[in-house]
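1. Sequence plus predicted model, see below.
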Amino acid sequence: MIIIPEYVAMLRANPSDKTLLNKIKFQLIDAEKHSWEGNKDQHAGFRQEVTRQLYQHFSNDDRALIITLLQEEIKNCHFLKNSNDNLCRLLFMLYTLKNAEDLPLMYDAKFKLGYNATLNIDINLLFGLGNEVILAHDESLQRYLDYNEILEAEVFYQQQKSYWDKDLQEKPVPEKMSPVQEEEDEQLRFFFDKGDVLTFKFSDQKMGGLVVAERFETFDDADYIVYPTNFHEATLQPPLENLHIYGRRIKSLNMGNPFEQSIKTAEDGNSLEKSHKTMLVSITIAHSVLAHFQARLTPIASLPQVVYKGTHHLARVTSWAELEMHLNNLVQGNYPTFEVVNIDGFLQD
């Protein structure tokens, strides 16, 4: 086990020390296996916690170390064919330092790690030095300005800082950790079962509820499909005899080409395609994500006959903050075409 604060202090003092760097470099558990076979970077977890420790206090003096961490994370994401939280955190750290020499590396992380990474990495990270600098590198990015997707630099900075600061508050960096993540032989143990009714506290201290619709293993993790309830009260738990969740009968909204300069109005031909049956609104949470906040959720009952089919997938969340955002939007009625339905009408006979 390595004491993380001490290790990071040594790494900051000696950012080119090969013995220290070996503990954070990209290294697969099995060099012959693919990610879909359960293979992974055995240093990924340790590298993430090292980054989270460094994030709390970093300056331009740490730029070389941040770049090294980012280069190793890019190798990991290239193997995974996707981005991850640690990659985005490191990109934000470079964004904060505002060094023009880092722009090509950040650009490649956004656009050369595959389709999923391109979608997931915020384009605002490339505009930290101003519009002219990034447009000189790739003038085609003018389209993001045309679509009004670029925020004011200070607004974006504060949004990102709040997000990563909250991540540390919700899950502090462990004091000690092994740098090597061994291949897991034990069978995955689910936190909750299908049909579990879970309660939790919103930030306003009112109680809320979720129902586990299904949970199943994926090739390298597991997913939980949950139905949000409309419960948002000061009482201890939702009324199980009159439990309400959300449904939607709108299958799709035809709005033409969203990239045209003007979008047609409903009178010009927009149309709603309705489903014959109500689709239950669901949210997906990965087991590895749920591990960070499962202690916030308390099972109070079980509905073993709960149905999981014909769902409208609202979101795949990656943090407690993101989950609570969607739950707040639901109880506040911010998602049009959603309706409240009694779960009793969707239980198996």
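-> Yep, that arrived.

2. So, low pLDDT: which residues of the chain?
-> Applying pLDDT under 70 to the chain flags residues 36, 182-187, 219, 250-276, 348-349.

3. can you rerun that using 50?
-> For the chain, applying pLDDT under 50 flags the ranges 184-186, 252-272.

4. ranges for the strands of this protein?
-> Along the chain, counting by DSSP state E, strands occupy 2-3, 176-177, 196-201, 207-217, 222-228, 244-254, 271-286, 298-302, 311-317, 338-342.

5. wait, which of those is closest to residue 147?
-> With C-beta to C-beta, the closest approach to residue 147 among the strands of the chain belongs to strand 244-254: 19.4 Å. Backbone N, C-alpha and C define where each C-beta goes, glycine included.

6. picking up where we left off before, which one, of the strands of the chain, ends up nearest to residue 160?
-> That would be strand 311-317 among those, by C-beta to C-beta, at 17.7 Å.

7. and the strands of the chain as CSV, adding mean neighbour count and distance to residue 52?
-> Formatted as CSV, the strands of the chain follow (neighbours: other C-beta atoms under 10 Å; distance: least, C-beta to C-beta, whole Å):
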stretch, mean neighbour count, distance to residue 52
strand 2-3, 14, 14
strand 176-177, 15, 11
strand 196-201, 20, 24
strand 207-217, 21, 27
strand 222-228, 22, 24
strand 244-254, 17, 34
strand 271-286, 16, 19
strand 298-302, 15, 27
strand 311-317, 16, 20
strand 338-342, 15, 36
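
8. Would you mind writing the CA trace of stretch 159-179 as CSV?
-> The C-alpha coordinates for stretch 159-179 follow below in CSV (Å, rounded to 0.1, in the frame of the first residue of the first chain):
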residue,chain,number,x,y,z
GLN,A,159,-19.1,25.0,-13.7
GLN,A,160,-16.2,22.6,-14.1
LYS,A,161,-14.6,23.6,-10.8
SER,A,162,-17.8,23.1,-8.9
TYR,A,163,-18.3,19.7,-10.5
TRP,A,164,-14.8,18.4,-9.7
ASP,A,165,-14.8,20.0,-6.2
LYS,A,166,-18.1,18.2,-5.4
ASP,A,167,-16.6,15.0,-6.7
LEU,A,168,-13.9,15.3,-4.0
GLN,A,169,-16.4,16.2,-1.3
GLU,A,170,-18.6,13.2,-2.1
LYS,A,171,-15.7,10.8,-2.4
PRO,A,172,-12.5,11.9,-0.6
VAL,A,173,-9.2,10.6,-1.8
PRO,A,174,-8.2,7.4,0.2
GLU,A,175,-5.1,7.9,2.3
LYS,A,176,-3.6,4.6,1.2
MET,A,177,-4.0,2.5,-1.9
SER,A,178,-2.3,-0.3,-3.9
PRO,A,179,-1.0,1.0,-7.2
